[in-house]
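Trainee: Build me a model:
(chains A and B, ligands or ions: 6)
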There are 2 protein chains.
Amino acid sequence: EYLSSQPSPMASKLEPNRNKNYDPKKPHITDTPLTRYNWYKHVNWLNVTLIVLVPVYGMIGAFWTPLYWQTAVFSILYYFATGLGITAGYHRLWAHTSYSATWPLRVFLAAVGGGAVEGSVRWWARDHRAHHRYTDTEKDPYSVRKGLLYSHFGWMLMKQNPKRIGRTDISDLNEDPVVVWQHRHYLKVVLFMGLILPTLVSGLVWGDYLGGFVYAGILRIFFIQQATFCVNSLAHWLGDQPFDDRNSPRDHILTALVTLGEGYHNFHHEFPSDYRNAIEWHQYDPTKWFIWTMKQLGLAYDLKTFKQNEIEKGRVQQAQKKLDQKRAKLDWGVPLDQLPVLEWDEYVDQCKNGRGLIAVAGVVHDVTEFISQHPGGKAMIKSGIGKDATSMFNGGVYMHSNGAHNLLSTMRVGVIRGGAEVEIWKRSYAAQSEYLKDGS
Amino acid sequence: EYLSSQPSPMASKLEPNRNKNYDPKKPHITDTPLTRYNWYKHVNWLNVTLIVLVPVYGMIGAFWTPLYWQTAVFSILYYFATGLGITAGYHRLWAHTSYSATWPLRVFLAAVGGGAVEGSVRWWARDHRAHHRYTDTEKDPYSVRKGLLYSHFGWMLMKQNPKRIGRTDISDLNEDPVVVWQHRHYLKVVLFMGLILPTLVSGLVWGDYLGGFVYAGILRIFFIQQATFCVNSLAHWLGDQPFDDRNSPRDHILTALVTLGEGYHNFHHEFPSDYRNAIEWHQYDPTKWFIWTMKQLGLAYDLKTFKQNEIEKGRVQQAQKKLDQKRAKLDWGVPLDQLPVLEWDEYVDQCKNGRGLIAVAGVVHDVTEFISQHPGGKAMIKSGIGKDATSMFNGGVYMHSNGAHNLLSTMRVGVIRGGAEVEIWKRSYAAQSEYLKDGS
Ligand code: HEM
Ligand code: HEM
Ligand SMILES: [Fe+2]
Ligand SMILES: [Fe+2]
Ligand SMILES: [Fe+2]
Ligand SMILES: [Fe+2]
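Mentor: Residues are numbered from 1 along each chain as shown, chains lettered A, B, ... in the order given. Ligands and ions are numbered 1, 2, ... in the order given. You can find the predicted model right below:
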């Protein structure tokens, strides 16, 4: 395989069998415990340089670099462009194939996505598919179960054992010439789109080469990296889980604001092939708006969405699960099948002997203590003692609230054989008929 | 009965058989339709005077009456005192007996409650019990089903047919000497507590007789009337229904703010004998705080609360009802009992003939159209065709999301007799055993 022998600048150590120096038979550094003496061998120095050292250098440089308003505006615009490269390109187009794009759009996305300095499409999408397929497990390359900082960028700063990451199918990406080209020329793409282009634009158009390099280049890279890393950390840590709470993904407006709309992450993990992350019009999802606009321009097509019916089903199921959990924590009274069985006559007898028993729907309740507290007055509740109070209780006299029904169920002491007095009469009648028949 | 022959200034026409001039045999004015010529006979002029004309007079008077800061502060304090007379006294103590009060507190509440000019405790509680017992029906004295303004004060401004209002038991109130005394001397109580006391306090302490009369008297009466009327209008119209949505009562923070905490009205109608209206510490219920403080001072006792378990049960039941309604609106696929039954061999045959069928958990799904859209790739899904894919689908190869399960159910086309291939083998084996047994 030609492609797999290509090193990718950020990912080399992460991709199994991709690095010429990597020999799967030799023990990997991650197999040896981290100590005072070998810690530097555990660190991925290339990534530390790209994610930490260069930004620090940029921040220091910013002290001596005046900020022109043109450079400020351009940095923000270029921040959004490179961000969309990751969210609309790397993520929704290539990792999830949630829509199709014509080649000009693909070239654009692969270019600006490269400018965000987060690895090649091919490497990024492979890891991301493993993240979806093995979410929260050992095989998840950035499992939040290993800590918030780990999922944010710890997984890149420290070396990973390539054997650990789950395998996924990326044959479709190997068929996309834009992806292949970007992967092959990744270092050139990063240098040009990440630093050279912003420097040149700022220098040639308004004469601010240095500002272009520091602000639109280095610092912009830092901000878009941190923002998109939040999809792996914040989006698995902060917010609600309206669709599934078995795994860590969560929905939160804050994450959406930071990540160009990738903050509805519980929805996204449930429906990853939907080109939207936010399904309500009022939610913030500029990546969705961008893709939709590209469609209007004829540059994107086959935008996939899950049917609203299926989405609502997921919501109903999760709500039901939550409700069942809450229900299980409450006391619902002694189950009917654990109650002693009384004959109707026994029930009436016990009431004559002074017990405050009331039969409602075949169940006998001891209301002795409750008589004096009855909101409908003592007289009313006493009128039900020793009788079948089913209809009185259920609207005949007063239609009791759900609360009253619940209270009633806490007072259960027995069930009546046959359910109610009427059953006694039915049985007597039947016995009589038999007798008459036999006699005739 | 002595008490029932006592006229109550605001309620005389509303109480059945209480007014000397009322003869239940004569047709009531409400039995004749409202026309251009008789409208003034339909109006309850006493109430119109007390609720509309006097406040208008007060507002006009306010133009010529300077407002001293002492009078302003006192008006607000007296507003809260008379408001608590209604909410903590009339409502929670007497109408609902949600706690017990020593006689000094009862006297205080009957006095300041009278100063709110909303009728005697006896009349107020009787109507309010009817409102709870017959909520939203013809027998509800202030049913919101007749319009928001009707429930607010329309029911007082227009004459009502006393026969219409539901009957309730107020024997306990007739046993409370404070209630009896207040009812008997109601006109004096109203005049003294509503107007004379605030005038005297403002006059004697800081010399503002006129301001005391206009602001702490008339206008304060107007505001506290309108505020407490909101319990019958706003609280049945605005907000959520976390406990029961069969009737109109609703919970809303706005109503609570206006009504000294009576805004959690869905809870209140469900648990009327609970001395609280707001059950969370952070919700606004100064009436509850007042009652609780009185308890600490030894003036109130036997504060009744519903068990948290019973309250949560109500919440769970209502949430379940909402969820069931939502579920019923969704498409859950063809029910299993409406699907044709296939033999296992038929299923395998059809797949050999080119149909993309996959059996999961005994149900056959037609995935022909879906193969090319499968997020896990064509190869994966094809590997399940003609087989029992139950375990592959449920984690053997990939643990599919709820969303995938739901999608699957929309593709149902048949059920397999016996559920799965293994059943065939079991049956064959059993038949064979029989055969062997017979042979031996
Ligand atoms: C058997 C056990 C009973 C229980 C646990 C019970 C419980 C309650 C509760 C909690 C209320 C307050 C309003 C509500 O939540 O709906 C209430 C009200 C009432 N109950 Fe009962 N009840 C019982 C039996 C009866 C019987 C047998 C009668 C009549 C024959 C009766 C008549 C009434 C009436 C008329 C009210 C309305 C009170 C009002 O708001 O004025 N109850 N009951
Ligand atoms: C029979 C009908 C099938 C349906 C409706 C279906 C549906 C889906 C859906 C919606 C996903 C997206 C992720 C998710 O929502 O869980 C998915 C992913 C996947 N499916 Fe299926 N699937 C089917 C059959 C199969 C079979 C038979 C296999 C394997 C033998 C399979 C293997 C996978 C794998 C490995 C993924 C993960 C894709 C990734 O995220 O990399 N599926 N499937
Ligand atoms: Fe994720
Ligand atoms: Fe994703
Ligand atoms: Fe109400
Ligand atoms: Fe009430």
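
Trainee: going forward, measure contacts between C-alpha atoms and count neighbours the same way
Mentor: Fine.

Trainee: tell me which element A:Val415 falls in.
Mentor: Using DSSP states H and E, A:Val415 falls within strand A:412-416.

Trainee: what's that strand packed up against?
Mentor: Judged by 3 or more C-alpha pairs under 8 Å, 6 or more residues apart in numbering or on different chains; DSSP states H and E, the packing partners of strand A:412-416 are strand A:341-342, strand A:363-366.

Trainee: now A:Thr390: how far from B:Asp244?
Mentor: Separation of A:Thr390 from B:Asp244 (C-alpha to C-alpha, to the nearest Å): 21 Å.

Trainee: So for those two, which sits in the more crowded spot?
Mentor: The neighbour comparison of A:Thr390 against B:Asp244 (other C-alpha atoms under 10 Å in any protein chain shown) goes to B:Asp244, with 23 against 17.

Trainee: which residues touch the more buried one?
Mentor: A:Asn402, B:Asn266, B:Glu270, B:Gly314, B:Gln318 (C-alpha atoms under 8 Å, 6 or more residues apart in numbering or on different chains).

Trainee: again, 10 Å this time
Mentor: A:401-403, B:250, B:266-267, B:269-270, B:314-315, B:317-319, B:321 (C-alpha atoms under 10 Å, 6 or more residues apart in numbering or on different chains).

Trainee: now do A:Leu157
Mentor: Contacts of A:Leu157 by C-alpha under 10 Å, 6+ apart are A:His42, A:Val43, A:Asn44, A:Trp45, A:Leu46, A:Asn47, A:Val48, A:Thr49, A:Leu50, A:Ile51, A:Val52, A:Tyr150.

Trainee: I'd guessed A:Tyr99 sits against A:Ser273; true?
Mentor: Yes. Using C-alpha atoms under 10 Å, A:Tyr99 is in contact with A:Ser273, at 8.2 Å.

Trainee: overlap in contacts of the two?
Mentor: Common contacts of A:Tyr99 and A:Ser273 (C-alpha under 10 Å, 6+ apart): A:Arg92, A:Leu93, A:Leu303, A:Lys304, A:Thr305.

Trainee: For burial, what's the neighbour tally of the second one?
Mentor: To tie it back to what came earlier, the one meant is A:Leu93. So A:Leu93, with other C-alpha under 10 Å, has 24 neighbours.

Trainee: For it, which non-adjacent residue is closest in space?
Mentor: Counting by C-alpha to C-alpha, 6 or more residues apart in numbering or on different chains, A:Leu93 lies nearest to A:Tyr99, which is 5.9 Å off, once chain neighbours are set aside.

Trainee: Which pLDDT value does the model give A:Tyr398?
Mentor: On pLDDT, A:Tyr398 comes in at 86.

Trainee: any idea how far A:Gly356 is from it?
Mentor: Using C-alpha to C-alpha, A:Tyr398 is found at 19 Å from A:Gly356.

Trainee: same deal with A:Asp244?
Mentor: Taking C-alpha to C-alpha as the measure, A:Asp244 falls 48 Å from A:Gly356.

Trainee: swap in A:Asn406?
Mentor: 18 Å.

Trainee: Can you identify each of the helices in the stretch 301-440 of chain A by residue range?
Mentor: A:308-328, A:344-352, A:378-382, A:390-393, A:402-409, A:421-439 (DSSP state H, counting those that start in this stretch).

Trainee: will you turn those helices into JSON lines that also has distance to A:Trp206 and mean pLDDT?
Mentor: Compiled in JSON lines, these are given as follows (distance: least, C-alpha to C-alpha, whole Å; pLDDT from 0 to 100):
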{"stretch": "helix A:308-328", "distance to A:Trp206": "49", "mean pLDDT": "91"}
{"stretch": "helix A:344-352", "distance to A:Trp206": "96", "mean pLDDT": "90"}
{"stretch": "helix A:378-382", "distance to A:Trp206": "88", "mean pLDDT": "90"}
{"stretch": "helix A:390-393", "distance to A:Trp206": "84", "mean pLDDT": "90"}
{"stretch": "helix A:402-409", "distance to A:Trp206": "73", "mean pLDDT": "88"}
{"stretch": "helix A:421-439", "distance to A:Trp206": "96", "mean pLDDT": "66"}
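
Trainee: can you tell which of these is closest to B:Gly58?
Mentor: If you check each of these against B:Gly58 by C-alpha to C-alpha, helix A:402-409 wins as the nearest, at 44.6 Å.

Trainee: Tell me which other helices or strands the closest one touches.
Mentor: Contacts defined by 3 or more C-alpha pairs under 10 Å, 6 or more residues apart in numbering or on different chains; DSSP states H and E place helix A:402-409 against strand A:357-360, strand A:363-366, helix B:265-270, helix B:308-328.

Trainee: how much space is there between the residue of chain A found nearest ligand 2 and ligand 1?
Mentor: Nearest residue of chain A to ligand 2, counting by C-alpha to the nearest ligand atom: A:Arg133, 4.4 Å away. Counting by C-alpha to the nearest ligand atom, to the nearest Å, the separation of A:Arg133 from ligand 1 is 51 Å.

Trainee: need the residues of the stretch 1-150 of chain A near chain B, please.
Mentor: Applying C-alpha under 10 Å from any C-alpha of the partner chain, we find that the stretch 1-150 of chain A lies next to chain B at A:His96, A:Thr97, A:Ser98, A:Arg129, A:Arg133, A:Tyr134.

Trainee: Among those residues, name the ones in helices.
Mentor: Secondary structure assignment by DSSP state H places A:Arg129, A:Arg133 of the residues of the stretch 1-150 of chain A next to chain B in helices.

Trainee: are any of the residues of the stretch 1-150 of chain A next to chain B buried, and which?
Mentor: Using 16 or more other C-alpha atoms under 10 Å in any protein chain shown as the burial test, these include A:His96, A:Thr97, A:Ser98, A:Arg129, A:Arg133, A:Tyr134 as buried.

Trainee: Out of these, which two sit at the greatest distance?
Mentor: Greatest spatial distance in these: A:Ser98 and A:Tyr134, 19.3 Å, computed using C-alpha to C-alpha.

Trainee: Which positions in chain A make contact with ligand 1?
Mentor: Contact residues, chain A versus ligand 1 (C-alpha under 6 Å from any ligand atom): A:358, A:374-376, A:380-381, A:383-384, A:389, A:392-393, A:397-398, A:400-401, A:403-404, A:407-408.
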